[in-house]
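Trainee: any chance you can model this:
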Amino acid sequence: MAKKIYLLAIMLVGFLTVQAQEYRHEVAVVGGAGMHSLRYDVLGGKNPFEFGYKAGANYTFFFTDMWGIGLGAEFARYNNNVTLPDGLRYEIDVPNIPSRTYVNEVMGFSEKQTLSTVNIPLTLQFNAPAGKNLRFYALAGAKAGIPVKATFAQSANSLICKTYTETPNGVSIRESAAFENYSNNGDLNLKTAISLTGELGVKYKLVKNMWLYVGGYIDYGLNDVRKNVVDNINLVDVLYGPTPVHNSIFTMSSAVNAANLVAYGATIRLGFGLGKRKVPPAPVVEPIPVPIPEPKPEPKPEPKPEPAPVVEVPKEIKQAMIEISNTLFAFDKYYLTEKSADELNRVAAWLKENPVITVEIEGHTDHVGTLKYNQQLSENRAKAVYDCLVNDGVNASRLSYRGYGKTRPVADNSTTEGRQLNRRVELKIIKK
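Mentor: Below is the predicted model:
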């Protein structure tokens, strides 16, 4: 198991080395678009996300093969469109005049807000190989959004301000102001926004040292970006109060509790590598020593038994067999003649002196007669010699006999002498 983990680690290091960042510096142009807005809850109204965008440049220094730190500058646009419900009514107590109350009503109110910032992001980038010419990347960090322009534009179908005054005779009502098709615009005074930022996607190598990034991003503001918040004044009084003050509902603490920048969307960037990075050579995988088993000693071959001494048939025995063959049988007979008894006794004595010898007694005939007849006659003649040798004391297990008929002549059967030679019995040594 440990060897497998070691080999896997070596392969992983080698793969990451091959896929390592090829350069140390990268300059990129960046663009993105999605939902960009000032996020806040407005009392009784709606504040949905609106479309926005960003564009800029970024520099990244890769301090390892997969990690880099980046600094950039980008222009960003944020948009809002806040609406209030028709018939929204606010009652306002007039300071220093306890008996007087203002009641304000609006119809068809909306306020559009536009914010442009220069963002300075500081991020940490991570790259991981995903295939040939393809990598995953992730960015995380923070950015400062410096407002360069912020405006608002208000409109309403009608705006009515009524004054209620308590008197000893009762309550009197007086319409202080009434507007039809009201509109107003101006500038917003905002703080620098501090946001967390993140980005995730893939990067593809187009050509040498040029990469295309495609991913998604999200920015989330940490601080309230409003300045000069007006306390304890209601909506209509800001639109048109005892002293006409025209301002955005964005700055009213009674209508808006806090406002921060939020953005998310898709991004694309084109990166150009600078300064070739020295890629360390791939690690050399040293072979893992494999224990070699000691060779087992080869078994010693058992000594072969020494061959028995070759026993040659003595010349006198060979001559005796010739004499036996010449005098052994009469024509067409298989019984032994008296002349052959002495010669067979000599053969029996030799076999007794050499007990390791096993012989086959072969019987033969001349060509006179049928094949079947001569076959039987040759077997009878061989058996007659076999019986005689056994009777002379030779162990029968050392003897065998076989007839060959007229199939193995040794002389010419056309002459009397030749036929005599073919009527024979031979000893064949088959084991020594």
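Trainee: what secondary structure does Gln348 sit in?
Mentor: Gln isn't right for residue 348; it's Ala. The three-state label given to Ala348 by DSSP: H, G, I helix; E, B strand; the rest coil is helix.
Trainee: ok, the closest residue to it other than its chain neighbours - contacts?
Mentor: Distance criterion C-beta to C-beta, 6 or more residues apart in numbering; nearest residue to Ala348, sequence neighbours excluded, is Asp392 at 3.6 Å. In short, each C-beta sits where N, CA and C put it, glycine included. By C-beta atoms under 8 Å, 6 or more residues apart in numbering, the residues touching Asp392 are 344-345, 348.
Trainee: from those, which is closest to Tyr53?
Mentor: Here the nearest of the contacts of Asp392 to Tyr53, counting by C-beta to C-beta, is Ala348; it sits at 129.5 Å.
Trainee: so what pLDDT did that closest one get?
Mentor: For Ala348, the model assigns a pLDDT of 85.
Trainee: just the strands in the protein please.
Mentor: 23-39, 51-62, 67-83, 88-93, 100-107, 110-131, 134-167, 170-187, 193-207, 210-221, 260-276, 358-363, 399-403, 425-431 (DSSP state E).
Trainee: highest neighbour count among the contacts of Asp392?
Mentor: Leu344 (21 neighbours; other C-beta atoms under 10 Å).
Trainee: okay, now the nearest residue to that residue once chain neighbours are set aside: neighbour count?
Mentor: Using C-beta to C-beta, 6+ apart and skipping the chain neighbours, the partner closest in space to Leu344 is Cys388 (5.1 Å). Using other C-beta under 10 Å, the number of residues around Cys388 comes to 20.
Trainee: confirm for me that Cys388 is in contact with Leu336.
Mentor: Yes. With contact defined as C-beta atoms under 8 Å, Cys388 counts as touching Leu336 (6.3 Å).
Trainee: identify the contacts common to these two.
Mentor: Shared contacts of Cys388 and Leu336 (C-beta under 8 Å, 6+ apart): Leu344.
Trainee: one step back: may I see the strands of the chain organised as a markdown table, with distance to Lys352 and mean pLDDT added?
Mentor: As requested, these are arranged in a markdown table below (distance: least, C-beta to C-beta, whole Å; pLDDT from 0 to 100):
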| stretch | distance to Lys352 | mean pLDDT |
| --- | --- | --- |
| strand 23-39 | 107 | 93 |
| strand 51-62 | 108 | 95 |
| strand 67-83 | 106 | 94 |
| strand 88-93 | 147 | 66 |
| strand 100-107 | 150 | 74 |
| strand 110-131 | 96 | 93 |
| strand 134-167 | 101 | 88 |
| strand 170-187 | 146 | 74 |
| strand 193-207 | 104 | 94 |
| strand 210-221 | 108 | 95 |
| strand 260-276 | 106 | 91 |
| strand 358-363 | 12 | 87 |
| strand 399-403 | 12 | 89 |
| strand 425-431 | 14 | 80 |
